[in-house]
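This is the structure alone, sequence omitted:
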């Protein structure tokens, strides 16, 4: 014999089903937010620029975003602006500079010009001639996992020209600096 269902029982079932759907939606939303936060933490980071060595591209006080995953698929390219640690220590300072020479190349700074493997390097942007070639005056041969970096503010930058900085090991590279987030007047992609 069929059991008759009361109006009250139907309302209770509908309410339970509605609550179950809301709970499932909230659970799915939490999972999406947690995965998004995990991806952002693993693949992206931010750095506050604390020096003027990258003027005019980046200014002291700018907050930039670093793509940590950029070099998992492609390699570091000449002209990339990278963030790197000054040593392998976890609490080592993070610096931002432009990659000029790649692994295996020889770089020399002579008469204010940059020579890579003996040929004058012409950059895509206007930078002043370099007045202090540092250790690159006689040429520097990079190892198979090293980069030579310069600040865009060429005559006011502590970079690979100086022995206390030297060449940057591939293992020290955190990622590619790709976007200026703050202040709003500087917001935009890094070139």
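Yes, it's here. The structure displayed is predicted, hence computed values, not measured ones.

same question for stretch 151-168, mean pLDDT?
Taken as a whole, stretch 151-168 has a mean pLDDT of 92.

Buried residues of it, list them for me.
151, 152, 153, 154, 157, 159, 160, 161, 165, 166, 167, 168 (16 or more other Cβ atoms under 10 Å). (Glycine included, C-beta is placed from N, CA and C.)

Could you dump those into TSV and include secondary structure and distance to residue 11?
Shown next, in TSV, are the buried residues of stretch 151-168 (DSSP: H, G, I helix; E, B strand; the rest coil; distance: Cβ to Cβ, whole Å):
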residue	secondary structure	distance to residue 11
151	coil	70
152	coil	69
153	coil	71
154	coil	76
157	coil	72
159	coil	72
160	coil	74
161	coil	78
165	coil	73
166	coil	75
167	coil	74
168	strand	68
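
and which of these is nearest to residue 113?
Using Cβ to Cβ, residue 154 comes nearest to residue 113 of these, at 11.2 Å.

could you redo the buried residues of stretch 151-168 as CSV and give each row distance to residue 69?
Converted to CSV, the buried residues of stretch 151-168 look like this (distance: Cβ to Cβ, whole Å):
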residue, distance to residue 69
151, 25
152, 24
153, 28
154, 30
157, 27
159, 25
160, 25
161, 30
165, 26
166, 26
167, 24
168, 19
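
nearest to residue 12, of these?
For the buried residues of stretch 151-168, the nearest to residue 12 is residue 168 (66.8 Å; Cβ to Cβ).

Just list the residues touching the nearest residue to the closest one once chain neighbours are set aside, thanks.
Leaving aside its chain neighbours, residue 168 sits nearest to residue 147 (4.7 Å; criterion: Cβ to Cβ, 6 or more residues apart in numbering). Applying Cβ atoms under 8 Å, 6 or more residues apart in numbering to residue 147 gives the contacts 76, 82, 99, 101, 102, 103, 160, 167, 168, 170, 173.

Give me the subset of these lying in helices.
Among the contacts of residue 147, none falls in helices (DSSP state H).

Out of these, which end up buried?
76, 82, 99, 101, 102, 160, 167, 168, 173.

ok, back up a step: which of the three states applies to the residue nearest to residue 168?
Following DSSP: H, G, I helix; E, B strand; the rest coil, residue 147 is assigned to strand.

what about the chain, any weak spots by pLDDT?
1-3, 40-42, 88-91 (pLDDT under 70).

Show me which helix runs longest in it.
helix 7-43.

Switch the buried ones among the contacts of residue 147 over to TSV, and while doing so, append distance to residue 39 to every line.
Output for these, formatted as TSV (distance: Cβ to Cβ, whole Å):
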residue	distance to residue 39
76	22
82	21
99	26
101	32
102	29
160	32
167	32
168	26
173	20
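
and which of those residues is nearest to residue 16?
Among these, residue 173 lies closest to residue 16 (Cβ to Cβ), at 54.5 Å.
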